[in-house]
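Novice: return atomic coordinates for the entry below.
(one chain, ligands or ions: 1)
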Amino acid sequence: MSISQQQVMEALGGVLDPELQRDLVTLNMVRHVSIDGGVVRLQLKVSSLHESLKSELRSRVTAALRGIEAGVEGVEIEFTTGLAQGGGGESKPKQPESEGVDLPGVKHIIAVGAGKGGVGKSTVSVNLAVGLARQGAKVGILDGDIYGPSLPTMMGLDRFEAKAEGKHLLPFEVHGVKAMSLGSLVEDEKPLIWRGPMAHGAFRQLISQTLWGDLDYLIIDLPPGTGDVPLTMAQLLPLTGAVVVCTPQKVAQDDARRAVAMFRQMRIEVLGVVENMSYFIGDDGKEYDIFGKGGAELMAQQSGIPFLGRIPINTALRYNADAGDPSANFTGDDALARDLSELSRGLVSQVSMHLMSEAADRPTLNVT
Ligand SMILES: Nc1ncnc2c1ncn2[C@@H]1O[C@H](COP(=O)(O)OP(=O)(O)OP(=O)(O)O)[C@@H](O)[C@H]1O
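Specialist: You can find the predicted model right below:
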């Protein structure tokens, strides 16, 4: 009895990626399968070419394929990354072929994600959006964190009534930015306990029914983590790239690495890492290194991702977020204004570099 491609794919459907804990088929990691007698040859797309990851995957895949009844005698695996650098053999990450949302007036959609909650993802999203607008760009921001929407408070949307025009929603226009949040459309106290498909549907409706008009950048504040909801949301959109927010501690870096792996598996380029809550400046003017300043930068270096900059723990930042006044971050404390402006300037350069490298991209390897 010969081994069939279907048997191989079924077996691979039972193998979990060690980083993302999802199976290789769902993650679209299997790029090529050929069967030659009892030998199965595979090409697997991985988020990094680290020896430990490859050897763990090799042993999991081999064990699964050896379980096929027809009798697999040998397994050969070629690993490839989605990145052009390092000679991975494939083109740079591409936009997902989503059955997704098309926003023709929006030049760049940038997702802001984090491996864990509470690291300042919404803070970075809001201040990137306002920073870009202050540089003269046309900017929108969408609160994708549908379980715990922060934008109504952080951008001060809760002072206004949501407005519709026919079937469309009009975005709030605040701080030079067009903003939309599900939190502005539901009652304050109502818990948003939606499961995967419903959350997905609500997000899709929110983004596609909002009248964004022409935008240079649309920032998407994703839900935290690497679960199904942020994953399907990111897949739905033709993203230019993603920004990952991380605090300096080792545990936060580990989670951020998983977020990076999630984006890379979806062939979404990670445009940069932001280190939030980097350090604290006390009333005495001294710098206190609470979480281990530089940890996120190190993680970015190790993962081959640009580092966009750091934000210290700053009382004014928290106060302005609670007051719904992010513009004040750019007009008050000079150091804070400088740090935040650097982030948006860094993002603009990374987007330009991404566009240049896409233009110079080699043709995609033809995998049959
Ligand atoms: N650098 C900082 N200095 C002071 N306060 C901060 C800083 N970064 C974030 N905060 C505050 O910490 C809280 C959590 O931040 P934020 O909501 O941005 O995190 P998040 O990662 O988006 O959270 P969630 O996972 O719930 O979406 C907010 O009150 C915010 O104002």
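Novice: how close does the closest residue to L12 other than its chain neighbours sit to G213?
Specialist: Nearest non-adjacent residue to L12, counting by C-beta to C-beta, 6 or more residues apart in numbering: L24, 4.9 Å away. C-beta here means a position set from N, CA and C on the backbone, and glycine is covered the same way. From L24 across to G213, the span is 41 Å (C-beta to C-beta, to the nearest Å).
Novice: more crowded one of those two?
Specialist: L24 (26 against 12; other C-beta atoms under 10 Å).
Novice: alpha carbons only: can I get whichever strand or helix holds M9 in CSV?
Specialist: Using DSSP states H and E, M9 falls within helix 5-12. This file holds the C-alpha atoms of helix 5-12, laid out as CSV (Å, rounded to 0.1, in the frame of the first residue of the first chain):
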residue,chain,number,x,y,z
GLN,A,5,-0.6,13.0,0.2
GLN,A,6,-3.8,13.0,2.2
GLN,A,7,-2.4,10.7,4.8
VAL,A,8,0.6,12.9,5.1
MET,A,9,-1.5,16.1,5.5
GLU,A,10,-3.8,14.3,8.1
ALA,A,11,-0.7,13.3,10.1
LEU,A,12,0.7,16.8,9.9
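Novice: buried ones in the next helix or strand after that helix?
Specialist: Remark: after helix 5-12, the chain's next helix or strand is strand 30-36, criterion DSSP H and E. For strand 30-36, the buried set under the neighbour-count rule, 16 or more other C-beta atoms under 10 Å, comprises 30-31, 35.
Novice: closest to the ligand out of those?
Specialist: For the buried residues of strand 30-36, the closest approach to the ligand (C-beta to the nearest ligand atom) belongs to V30, at 32.2 Å.
Novice: let me know whether the closest one touches V40 as I believe.
Specialist: No: contact between V30 and V40 fails when scored by C-beta atoms under 8 Å: they sit 11.1 Å apart.
Novice: ok, now how distant is the residue lying closest to I110 once chain neighbours are set aside from the ligand?
Specialist: Residue nearest to I110 in three dimensions, not counting chain neighbours: I219, with 5.5 Å by C-beta to C-beta, 6+ apart. Here I219 is placed at a distance of 12 Å from the ligand (C-beta to the nearest ligand atom, to the nearest Å).
Novice: and for I219, the neighbour number?
Specialist: Look at I219: counted by other C-beta under 10 Å, it has 29 neighbours.
Novice: before we move on, what SS does it have?
Specialist: Here I219 is recorded as strand under DSSP: H, G, I helix; E, B strand; the rest coil.
Novice: got the residues of the protein near the ligand?
Specialist: Applying C-beta under 6 Å from any ligand atom, we find that the chain lies next to the ligand at 114, 117-123, 145, 148, 150, 224, 276-277, 311, 313-314, 317-318, 321.
Novice: just the buried ones out of those residues, please.
Specialist: 114, 119-123, 145, 150, 224, 276-277, 311, 313-314, 317, 321.
Novice: any low-confidence regions in the stretch 151-300 of the chain?
Specialist: Judged by pLDDT under 70, the stretch 151-300 of the chain has its weakly predicted residues at 186-199.
Novice: all helices for it, in order.
Specialist: Assigned by DSSP state H, counting those that start in this stretch, the stretch 151-300 of the chain shows helices spanning 151-154, 196-209, 228-236, 250-265, 295-303.
Novice: T123 reaches L317, doesn't it?
Specialist: Yes: with contacts counted by C-beta under 8 Å, T123 reaches L317, the gap being 6.7 Å.
Novice: mind listing the shared neighbours of those two?
Specialist: Common contacts of T123 and L317, defined by C-beta atoms under 8 Å, 6 or more residues apart in numbering, comprise I311.
Novice: and the average pLDDT for stretch 312-324 is what?
Specialist: Across stretch 312-324, the average pLDDT comes to 95.
Novice: could you chop the protein up by domain?
Specialist: With domains defined by automatic domain parsing, the chain comprises 5-81, 106-359.
Novice: okay, the ones you listed, which one's buried deepest?
Specialist: domain 106-359 (a mean of 19; mean count of other C-beta atoms under 10 Å).
Novice: was I right to think the residue nearest to I110 contacts L142?
Specialist: Yes: if you go by C-beta under 8 Å, I219 and L142 touch, sitting 7.3 Å apart.
Novice: how many degrees apart are the longest strand along the chain and helix 295-303 in direction?
Specialist: As assigned by DSSP state E, the longest strand anywhere in the chain is strand 270-281. Per axes from the mean of the first three to the mean of the last three C-alpha atoms, to 10 degrees, the angle that strand 270-281 makes with helix 295-303 is 150 degrees.
Novice: tell me the mean pLDDT for the longest helix along the chain?
Specialist: Identified as the longest helix of the chain according to DSSP state H is helix 334-359. In this model, helix 334-359 has a mean pLDDT of 84.
Novice: show me what it is packed against.
Specialist: strand 106-114, helix 121-134, strand 241-246, strand 270-281, strand 307-313 (3 or more C-beta pairs under 8 Å, 6 or more residues apart in numbering; DSSP states H and E).
Novice: could you rerun that using 10 Å?
Specialist: With contacts defined as 3 or more C-beta pairs under 10 Å, 6 or more residues apart in numbering; DSSP states H and E, the packing partners of helix 334-359 are strand 106-114, helix 121-134, strand 215-221, strand 241-246, strand 270-281, strand 307-313, helix 315-322.
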